[in-house]
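[1] The amino acid sequence is not available; the structure is as follows:
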């Protein structure tokens, strides 16, 4: 029979152990941080009714949807984010769950998008949201979660850039541009990628905004400086209730994150952060890595007024953010932040004397019971072959017992980096594993 | 706009926090046990080329496949297990990975099967495999992994039933039925479900086996007793090389798992375990819960001769098993083994005095830094509403500070089960959190 070519689909990836181990660590870290704030996990199906997923999506996500008919003739599709499934979920269970409700959700999503620019068609999102809360407290907490998360992942240099849609809308109102604000914000969102010249052109030509107004808009969102500077420069420009409220919320947020111990500079007010999505209504945030700003935001989110409006009459305001796990993993790989190992344990127990198989297995079981992970080489082979394997996998120690060692009740412990060996007693006088062995294996 | 009905597809489920929290614990436990033996994680895409997935699948899995054409006109399908993706993966990377290779893989799979009998169309599998090893050592280790896993999950009463295809084939050879062994084993696999009468009928009528031979086959696989009894009864029946080798492997396995500390009775030789899949060639194993045997095997697997033969010329023998996570979760729920909580943390920090928002946030941050997870109620509300929320979610403690407490540097810690409160100092004399508070929150 002819062989079938082993290959993955374009835009999809396999994760080998040396990448999957840090990927699991990332997910575990995200879970721990989310949980420490009281966010609880949920899960939803990968497949949903197509009408559920397209109910609120923009044209772009519609085009990217993997959709088909299932065995029962239902029109179904693979989820392309975790927000729409959350909205559907909340519409279904909000009475049972009660509000406020804080959840996290870690899972794969699928988008049949162009695979240029290192984009993949399957990637894991790590979302957290607080639902049913109007108070800015939840927004402040969201920023603190993102901060704790990046610290826990080992980052020192990163910046959470915050802005507020109320402020942006207030600024546009002051300029008489309130009626067109959604379209203008979508254009402004492209400022970092396109530059101010192109954005000016698009505002004037596509949106028919007067040149001097367009210039003024761009000038406002380009204001930089310390948080206090920016706030004081924007205060006189953001007249009206919306703008003042947005400024007040940003001021409260910046004061509170400082009180909660976030070092200066980590949370930066940035009037140019607009986020393309129409449904944001207050706080918006993006996160950039100090050593790799070019990859763009690795954790983004914002406040919305009505999460589940397509599915429910219940108004559910909230705030959340999404960590792009696979993009972050790629960034950490590029930054050399991932330890390259191919084994989850440090110790290889070599296998020589087939007669002693039960003894090897018993020793391995006792080590595991003592909390020491150990891989037992599964065939009695020459030491050279077993040590070569240990090297390739990145084991730190090889525990070696041949016929003589079993007879003498001793073992050789070889440090694979230095090549040095120690001769150690296997047991203490009373049948327990010797303290010197346990210390050498855990040290 | 009319509302879209919020619903999930038939055969698919949402996981709310009280189910998702134990589900995450199950996965974490599986990861820890697999890792402790040196199994390393991998991941593969949910979507594969259809020809990859149908290359080896039987007719049944073909029918169940979710398949469609993607945006590029490729015929694609959702994986229905983690074994075929592993075979494809090994064909692609075996040179890079080196053999032996031990991997685990935890992920969802999809089957458009009949949803009767509590079966779902999306469920998580937790597989582990050792690839590139002929030695029975890997088979013994697989049984030990399953044993450790169920112990770590909190089970006391469970049984791993083992058998060996070499033995079964040897027994059939002795009866002159070797030519038809694959078909006979598929029929014998239905013994627990159909009973011996129906199996006899099928052997005689569908497979045209003589009645006395069929009776003899059923009599052999129905042998029960202690492991030693069964081995000694089968020894004279399993003439020929195959049968003797199978018996020797089983004997070695039973001796070694005992040496490794598995209590008597947990691993039981069962000649009737056949497994339906043709590709098993040696050890086969199934796992049954003592308190819920009717749900069938919750962890099954076996040895195969050539994992990736459809995709590669490299012969890759191995052994592995698959834990049906969602079926096990349902069983544990039925057995009352899941703690019903809706919050991942024990402490709710109540919110009263909006003026002190920065202080609350700082306190919460300090508690988290001390390793104490704490949820901060996101709005200043009446105590009653906040305590009702705490009750509904299952918090154990409420930490309460109003204007007076902030002034006095004290707090109230309310035990929500007993209703009793304690008045505690917030800090020690030197600006650190007071030892009495930390002790009360962690105790």
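    It's in. From a predicted model like this one, the values you see are computed outputs, not experimental measurements.
[2] Next, the buried residues of stretch A:306-325.
    By 16 or more other Cβ atoms under 10 Å in any protein chain shown, the buried positions in stretch A:306-325 come out as A:307-312, A:316-325. In this view, the C-beta of every residue, glycine as well, is placed from N, C-alpha and C.
[3] Quick check: pLDDT value at the closest residue to residue A:239 other than its chain neighbours.
    Leaving aside its sequence neighbours, residue A:239 sits nearest to residue A:174 (Cβ to Cβ, 6 or more residues apart in numbering or on different chains; 5.0 Å). We have a pLDDT of 89 for residue A:174.
[4] and what of the one 3 residues further on?
    As summarised for this prediction, residue A:177 has a pLDDT of 89.
[5] element containing the residue in the stretch 251-400 of chain A positioned nearest to chain B?
    Nearest residue of the stretch 251-400 of chain A to chain B, counting by Cβ to the nearest Cβ: residue A:375, 2.6 Å away. Per DSSP states H and E, residue A:375 falls inside strand A:374-376.
[6] go on, residue A:388?
    Applying DSSP H and E as the criterion places residue A:388 in helix A:383-393.
[7] For residue A:137, which non-adjacent residue is closest in space?
    The nearest residue in space to residue A:137 (Cβ to Cβ, 6+ apart) is residue B:378, at 4.6 Å.
[8] That neighbour in helix, strand or coil?
    coil (DSSP: H, G, I helix; E, B strand; the rest coil).
[9] tally of neighbours for it?
    Using other Cβ atoms under 10 Å in any protein chain shown, residue B:378 has 22 neighbouring residues.
[10] repeat for residue A:125
    With neighbours defined by other Cβ under 10 Å, the count for residue A:125 comes to 19.
[11] What of the one 5 residues further on?
    The criterion is other Cβ under 10 Å. On that basis, residue A:130 has 26 neighbouring residues.
[12] hang on, isn't it packed against residue A:321?
    No: when contacts are counted by Cβ atoms under 8 Å, residue A:130 is not listed as touching residue A:321 (10.3 Å).
[13] Overlap in contacts, those two.
    Each of residue A:142 lies in contact with both residue A:130 and residue A:321 under the rule Cβ atoms under 8 Å, 6 or more residues apart in numbering or on different chains.
[14] after the lowest-mean-pLDDT helix or strand in chain A comes which helix or strand?
    When the helices and strands of chain A are scored by mean pLDDT, DSSP states H and E, helix A:59-64 comes last with a mean of 71. Sequence-wise, the next helix or strand downstream of helix A:59-64 (DSSP H and E) is strand A:67-69.
[15] So what does the residue lying closest to residue A:69 once chain neighbours are set aside have for phi and psi?
    Leaving aside its sequence neighbours, residue A:69 sits nearest to residue A:75 (Cβ to Cβ, 6+ apart; 6.0 Å). Dihedral angles of residue A:75 (phi, psi; degrees, to the nearest 10) stand at phi -80, psi 110.
[16] need the strands for the stretch 201-350 of chain A, in chain order.
    Assignment of strands within the stretch 201-350 of chain A using DSSP state E, counting those that start in this stretch yields the ranges A:267-269, A:280-289, A:299-304, A:318-324, A:347-349.
[17] is chain B contacted by the first one?
    No: applying Cβ under 8 Å from any Cβ of the partner chain, one finds strand A:267-269 separated from chain B by no less than 12.9 Å.
[18] which strands and helices sit next to that strand?
    Applying 3 or more Cβ pairs under 8 Å, 6 or more residues apart in numbering or on different chains; DSSP states H and E, one finds that strand A:267-269 contacts strand A:158-164, helix A:227-234, helix A:240-259.
[19] so how far is residue A:39 from residue A:407?
    To residue A:39, residue A:407 is 56 Å away according to Cβ to Cβ, to the nearest Å.
[20] out of those two, which sits in the busier spot?
    For residue A:407 versus residue A:39, the count of surrounding residues by other Cβ under 10 Å is larger for residue A:39: 27 against 11.
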